[in-house]
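[1] Structure, please.
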Amino acid sequence: MVEELVIAVIAAVCACGLYAMAAARVVRQYERGVVFRLGRLQEGIRGPGFTTILPFVDKLHKVNLQIVTMPVPAQDGITRDNVTVRVDAVIYFKVVDAAEALVRVEDYRFAVSQMAQTSLRSIIGKSDLDDLLSNREKLNQGLELMIDSPAIGWGVQIDRVEIKDVSLPETMKRSMARQAEADRERRARVINADAELQASKKLAEAAKEMSGQPAALQLRLLQTVVAVAAEKNSTLVLPFPVELLRFLERATPAEAVQAVQAVSGAVQAAPSPPADQSPAAAATDGADAADAADAADAVEPGAPDAVEPGAPDLAVPGLTTRPKVSSVPTTSSPMPAPPLEEEPQKRQDAQPV
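    Residues are numbered from 1 along each chain as shown. Sure, this is the predicted structure:
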């Protein structure tokens, strides 16, 4: 009798243990438990921790409340401006009502995926290509609203939707590249023209300042020569402005002044013809005086320097006439006076018979 009682107690304990093991459940922190008793939804949602159910009567479904990251397959579509594109996206959502997610929809993950694909194709057809490429933030918000509206009834909340990539045909890529290149070239030309305008204004101001000081132009020329000579060049191109030539014209060498003085002294030292001189002799003397005067005019202090015979002819841009070339000697010795012995003979020959 005692043995039978012991066996019954052991059997009861084992049955209780098996029942407890069948009824015990553990719900994680990021999960919620939904209990169906004989197919009917129970009111309470089981929170995280240890919980029990009736074995063979209740059925516990655990729903994950974590944010789910789901990639949306790439969708081919035609934009509003008739451009064929291929767009893919990614969607972030989470379950906010575990009971609704199990009761309202068969598979909430599949439902959200299909809704995201159809909404993405609808957004592609309503948008332009420029909006898909540059205004993605606005499109993401519109796509989120389109998916979130039916998902609220499923106990699912759409957290975020992002357009990940927009694939274009190769012909469209080449066209866009040419457009971008043309725009860059246009901007470069505008910037270059603006720089030329500003530089011309500054150069005009600089020329206005240098016109009052001729020495400033010469200093600027010397600075240019120094800048060019700093580099290791075998050929030096030196500009020769007209203003520098005028500056050199005003600074005549002393040799030219001495030559003018010598010619003037020789003309004054020539003897005057006597009263009985014939008209032919007077004409001859007048011609000699005119030649001397022409020689004096050729070497005036304001004229350019005398060029030696055999020197190269200089052609300066900006001048309409070439510098005068004079054969007057540049030495400091005075020009000898014409011989006086022949004057009486010329007078006798000029007298009428």
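
[2] sec struct for residue 141, please.
    Using DSSP: H, G, I helix; E, B strand; the rest coil as the criterion, the local structure at residue 141 reads helix.

[3] Give me the contact list for the strand or helix carrying residue 12.
    Secondary structure from DSSP states H and E places residue 12 in helix 2-23. Counting by Cβ atoms under 8 Å, 6 or more residues apart in numbering, helix 2-23 makes contact with 52-56, all of which sit outside it. C-beta: built from backbone N, CA, C; applies to glycine.

[4] For ChimeraX, what selects the buried ones among the residues you listed?
    Only the buried entries of the contacts of helix 2-23 go into this ChimeraX selection, using 16 or more other Cβ atoms under 10 Å:
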select :53
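
[5] Strands along the stretch 1-150 of the chain, start to end?
    24-27, 31-37, 40-46, 49-52, 58-64, 68-78, 84-95 (DSSP state E, counting those that start in this stretch).

[6] ok, now the stretch 151-300 of the chain?
    156-167.

[7] Which parts of it are helices?
    For the stretch 151-300 of the chain, the helices defined by DSSP state H, counting those that start in this stretch cover 170-212, 214-229, 242-250, 254-269, 279-298.

[8] quick one: low-confidence parts of the stretch 1-150 of the chain?
    The stretch 1-150 of the chain contains residues with pLDDT under 70 at 1.

[9] swap the cut-off to 80 and go again
    Across the stretch 1-150 of the chain, the stretches falling below the confidence threshold (pLDDT under 80) are 1-2, 19-20.

[10] again, but for the stretch 201-350 of the chain
    Short version for the stretch 201-350 of the chain, where the test is pLDDT under 80: 210-218, 220-222, 224-350.

[11] and with 70 instead?
    Applying pLDDT under 70 to the stretch 201-350 of the chain flags residues 231-350.

[12] rewinding a little: could you redo the strands of the stretch 1-150 of the chain as CSV and give each row distance to residue 10?
    Below are these laid out as CSV (distance: least, Cβ to Cβ, whole Å):
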stretch, distance to residue 10
strand 24-27, 21
strand 31-37, 31
strand 40-46, 32
strand 49-52, 23
strand 58-64, 28
strand 68-78, 48
strand 84-95, 45
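
[13] doesn't residue 47 make contact with residue 29?
    No. Judged on Cβ atoms under 8 Å, residue 29 makes no contact with residue 47 at a distance of 9.2 Å.

[14] hmm, back to that, out of the strands of the stretch 1-150 of the chain, nearest to residue 125?
    Smallest distance to residue 125 across the strands of the stretch 1-150 of the chain (Cβ to Cβ): 5.8 Å, for strand 68-78.

[15] quick one on the thing from earlier: between residue 29 and residue 47, which has more neighbouring residues?
    Higher neighbour count among residue 29 and residue 47: residue 47, with 11 against 8, using other Cβ atoms under 10 Å.
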